[in-house]
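**Student:** Model the following, please.
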Amino acid sequence: MVKDLGETVEIIINNGDTGKHPYPLPKNPMRRDTINIPGGGHAIIRFQSTNPGIWLLHCHIEWHFEADCKAQGIPTTGNAAGNKGLDMSGYMMGLSTLPTTITATGWGAMVACAISSFIGVATVICN
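**Tutor:** Here you go, the predicted structure:
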C-alpha cells in the first residue's frame with residue numbers, strides 16, 4: 001500500500017480468531033495507542049499519511065507476530081517505481097542518483113575483492 005502525502009488511509013482489520021488481539025497503531029506510542037480487537041470482531045483505523053515510509057502493522061502477541069500475523073504495506077508487484085522490470089519512469093530519485101557506470105572506486109573495490117578471494121582460496125588449498 002503506497003499512499004501520497006496527506007492522503008487519508010483506512011485499514012480494516014478482521015479478527016477471524018476467537019481470542020482478542022492487541023494491535024498498536026502505526027507510529028504511535030505502544031502503551032497509549034493500542035486497540036484490542038475482540039474475537040470475531042474487527043477494527044477500522046483511519047489516519048492521514050503524514051510520515052512516509054513502511055510501517056509495520058502487527059498483532060502485539062509475540063508468537064502471533066512470528067506466525068506472520070503482520071502486514072508491512074510493501075507493494076508486491078512491480079519495482080520501486082511500480083513498473084515492470086528496469087522501467088523506473090515516474091520514480092522520485094531524491095537528491096542524488098547512482099552512477100550509471102562503474103567508477104574508479106568501484107573498480108578498485110572489485111579488484112581488491114577478487115585478490116582477497118584468490119588469497120583465501122589459495123590458503124585453503126595449501127593448508
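**Student:** Please make it C-alpha for all contacts and neighbour counts, starting now.
**Tutor:** Will do.
**Student:** Mind telling me what element Ile35 is part of?
**Tutor:** Assigned by DSSP states H and E, Ile35 belongs to strand 34-37.
**Student:** Let me see the mean pLDDT of that strand.
**Tutor:** Mean pLDDT, strand 34-37: 81.
**Student:** Just the buried residues of it, please?
**Tutor:** Thr34, Ile35, Ile37 (16 or more other CA atoms under 10 Å).
**Student:** Tell me the helix or strand right after the helix or strand of the chain with the lowest mean pLDDT.
**Tutor:** Using mean pLDDT, DSSP states H and E, strand 70-71 stands out as the lowest-scoring helix or strand of the chain, at a mean of 56. For strand 70-71, the following helix or strand on the C-terminal side (DSSP H and E) is helix 104-126.
**Student:** in this protein, which segments are predicted with low confidence?
**Tutor:** 1-3, 24-32, 52-81, 92-99 (pLDDT under 70).
**Student:** 50 - rerun?
**Tutor:** Along the chain, the model assigns pLDDT under 50 to no residue.
**Student:** I figured Ile11 hits Arg46, correct?
**Tutor:** Yes: judged on CA atoms under 8 Å, Ile11 makes contact with Arg46 at a distance of 6.4 Å.
**Student:** Name the helix or strand for Ile13, please.
**Tutor:** Assigned by DSSP H and E, Ile13 falls within strand 8-14.
**Student:** Mind giving me the packing neighbours of that strand?
**Tutor:** strand 42-48 (3 or more CA pairs under 8 Å, 6 or more residues apart in numbering; DSSP states H and E).
**Student:** So which residues make contact with the strand it packs on?
**Tutor:** Leu5, Gly6, Glu7, Thr8, Val9, Glu10, Ile11, Ile12, Ile13, Asn14, Asn15, Ile37 (CA atoms under 8 Å, 6 or more residues apart in numbering).
**Student:** Return the member of those residues nearest to Met88.
**Tutor:** Using CA to CA, Leu5 is the member of the contacts of strand 42-48 that sits closest to Met88, with 20.5 Å.
**Student:** residue contacts, the closest one?
**Tutor:** Taking CA under 8 Å, 6+ apart as the criterion, Leu5 is in contact with Gln48, Ser49, Thr50, Asn51, Pro52.
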